[in-house]
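>>> What follows is a predicted structure for the sequence shown.
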Amino acid sequence: MSGARPVFLAATGQNRGKTTVSLGLIAAILAGNHRLGFVKPVGQRYLVIDGMRADEDAVLVKEVFGLADPLDDMSPVTLPRHFTTDWIMGRISSDLDRNLSDAYHRVAADKEIVVIEGTGHAGVGAVVGLSNARVAGLLGARTIIVSEGGVGRPIDEIVLNLALFAQHGVDVIGAIVNKVDVVGRPDLEEVLRRGLARHGVALLGCIPFSELLANPSLELIVTHLDGELLAGTATPGHVIGQVAIGAMQAGHAMGLLRDRTLLITPGDREDLLLAAVAANRAAEHGRPKVSGLVLTGGFRPAAPVLAELRSSGLFTYLVGGETYGTAQAVDAILVKTHPTDTEKIETIISLVGSALDVDGLLARL
């Protein structure tokens, strides 16, 4: 048997920041010169690499940190389309427990610590007998629950998930709350600490909200919105800092811009388009104030304006929808971290490393 200490990262729901915590925690553990392994036991979002399915988070961690373990051990169970129905109807005979356990022990064989990243809340995976709570129990892993900012919702969600882990005999060593407004609510960490303590849960840390982490890249804009790229490139690692709607005079709109702004405006507002080009050319230290433009209404700029946009290299994407609906669609994009998002990953490592007492956390294992 391996002497590795397993730590299971669960979340209270989708998009709470579990992968963010994984990346930051793994970086901190490796910085302490610990031999580390990573397993994503059950994957719902996967990639096909060399003909093999592997969860995208396992691919991310392997690429970012250069881990040597094979992907099929790091991602032993993936759930393709119709898998759950076929499982329920008895058309799949695979021993998922055995596959998962064997893969984990191969990864853990020469490691000190294994980070195990769950999928969603404590009950996800129950449909095939592999809920996060049951997997944590099966692998003998102590668990951390990740939720996101607020007061009532994170505490309620953490307590709800705690009950299922307890049912499976899993020791929850604490909770991490992500996307916390530490500037606007400097008292929030202490409020959460006291609120969770009432339920016997230790607060392990609060990760500050970051627009850079919450917002999509230019590549995701093109991937998720139906339109035409008129100028610039959909750079994968170029993350938007904020979204602004251009619905006022150019002089007023430019005063609202900060670095990495995605400006959403009707395509016939040529005053705003030219002002955005001028703002970028005048920006200090070569950092443009405008990351890109999304032009709405299907209005294609006049040829001279389009020539200016192309000359400046400013990302310009034309869509048919109206401005408000387009802004909602951008806000709804599910932001995932990709290996090419180098600046985002550096930010994650810094934020998580500052927010967590990693040595104290490892001592709890």
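Alright, I've got the coordinates.

>>> C-alpha from now on. contacts and neighbour counts both.
Will do.

>>> Please parse the protein into its domains.
For the chain, the structural domains run 5-212+338-363, 216-331, going by automatic domain parsing.

>>> Would you mind giving the ones you listed as JSON lines with mean pLDDT and mean neighbour count added?
Formatted as JSON lines, these follow (pLDDT from 0 to 100; neighbours: other C-alpha atoms under 10 Å):
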{"stretch": "domain 5-212+338-363", "mean pLDDT": "93", "mean neighbour count": "19"}
{"stretch": "domain 216-331", "mean pLDDT": "87", "mean neighbour count": "18"}
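
>>> Show me the contact partners of the helix or strand hosting Val243.
Using DSSP states H and E, Val243 maps to strand 242-245. For strand 242-245, contacts defined as C-alpha atoms under 8 Å, 6 or more residues apart in numbering pick out 211, 215, 256-258, 260-265, 323, 327.

>>> Restrict it to CA atoms and write it as CSV.
Taking Å, rounded to 0.1, in the frame of the first residue of the first chain, the C-alpha atoms of strand 242-245 are listed here in CSV:
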residue,chain,number,x,y,z
GLN,A,242,-13.8,43.8,-17.9
VAL,A,243,-16.8,44.2,-20.2
ALA,A,244,-18.2,47.6,-21.1
ILE,A,245,-21.2,48.5,-23.2
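
>>> Might you report the residue contacts of Glu219?
Contacts of Glu219 by C-alpha under 8 Å, 6+ apart are Ala234, Thr235, Pro236, Gly237, His238.

>>> just checking, it is part of a helix?
Yes - the assignment for Glu219 is a helix, going by DSSP: H, G, I helix; E, B strand; the rest coil.

>>> Distance from the chain centre to the helix or strand that contains Lys179, please.
Lys179 belongs to strand 172-180 when assigned by DSSP H and E. Its chain's average C-alpha position is 15 Å from that of strand 172-180, according to C-alpha atoms, centre = their mean, to the nearest Å.

>>> So what angle separates the directions of the next helix or strand along the chain from it and strand 172-180?
Proceeding N to C from strand 172-180, the next assigned helix or strand is helix 188-197, under DSSP H and E. The directions of helix 188-197 and strand 172-180 differ by 150 degrees, with axes from the mean of the first three to the mean of the last three C-alpha atoms, to 10 degrees as the criterion.

>>> Show me the two of the contacts of Glu219 that sit farthest apart.
Largest separation among the contacts of Glu219 by C-alpha to C-alpha: Ala234 and Gly237, giving 9.0 Å.

>>> all helices for the stretch 51-200 of the chain, in order.
Counting by DSSP state H, counting those that start in this stretch, the stretch 51-200 of the chain has helices at residues 56-65, 71-74, 83-88, 96-108, 132-138, 152-167, 188-197.

>>> Which of those helices sits closest to Leu361?
Closest to Leu361 of these, according to C-alpha to C-alpha: helix 188-197, at 15.4 Å.

>>> List of residues touching that closest one?
Helix 188-197 has contacts (C-alpha under 8 Å, 6+ apart) with Val151, Ile155, Val180, Asp181, Val182, Ala202, Leu203, Gly205, Cys206.

>>> Output those residues in a markdown table; the columns should cover distance to Ile333.
A markdown table is the format used below for those (distance: C-alpha to C-alpha, whole Å):
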| residue | distance to Ile333 |
| --- | --- |
| Val151 | 25 |
| Ile155 | 26 |
| Val180 | 20 |
| Asp181 | 21 |
| Val182 | 24 |
| Ala202 | 32 |
| Leu203 | 29 |
| Gly205 | 27 |
| Cys206 | 24 |
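
>>> Which of the residues you listed sits closest to Ala163?
Among these, and counting by C-alpha to C-alpha, the member closest to Ala163 is Ile155, at 12.7 Å.

>>> who's in contact with that closest one?
Contact analysis of Ile155 by C-alpha under 8 Å, 6+ apart lists Leu192, Gly195, Leu196.

>>> repeat that for 10 Å
By C-alpha atoms under 10 Å, 6 or more residues apart in numbering, the contact list for Ile155 reads 12, 147-149, 175, 177, 192-193, 195-199, 201.

>>> Also Ile345?
Thr20, Leu23, Gly24, Val64, Leu213, Thr337, His338, Pro339, Leu351 are the contacts of Ile345 under C-alpha under 10 Å, 6+ apart.

>>> Which other helices and strands does the helix or strand containing the second one contact?
Read it as Leu23. Leu23 is part of helix 18-31 when elements are defined by DSSP H and E. Under the contact criterion of 3 or more C-alpha pairs under 10 Å, 6 or more residues apart in numbering; DSSP states H and E, helix 18-31 touches strand 5-11, strand 36-39, helix 56-65, strand 113-117, strand 142-148, strand 172-180, helix 342-355, helix 358-363.

>>> Recalculate using a threshold of 8 Å.
When contacts are defined as 3 or more C-alpha pairs under 8 Å, 6 or more residues apart in numbering; DSSP states H and E, helix 18-31 sits against strand 5-11, strand 36-39, helix 56-65, strand 113-117, helix 342-355, helix 358-363.

>>> Quick check: which of the ones you listed is nearest to Glu308?
Across the helices and strands packed on helix 18-31, Glu308 has its closest neighbour in helix 342-355 (28.6 Å, C-alpha to C-alpha).

>>> got the angle for that closest one vs helix 56-65?
Using the same axes, to 10 degrees: helix 342-355 against helix 56-65 is 90 degrees.

>>> Just the CA trace of stretch 141-152, in CSV.
Taking C-alpha atoms only, stretch 141-152 is exported to CSV below (Å, rounded to 0.1, in the frame of the first residue of the first chain):
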residue,chain,number,x,y,z
ALA,A,141,-9.1,10.8,1.3
ARG,A,142,-9.7,13.7,3.6
THR,A,143,-11.7,16.4,1.9
ILE,A,144,-11.8,20.1,1.3
ILE,A,145,-15.1,21.7,0.1
VAL,A,146,-14.8,24.7,-2.2
SER,A,147,-17.6,27.3,-2.4
GLU,A,148,-17.8,30.9,-3.6
GLY,A,149,-18.3,34.3,-2.1
GLY,A,150,-21.2,35.5,0.0
VAL,A,151,-22.4,34.6,3.4
GLY,A,152,-25.6,32.6,3.5
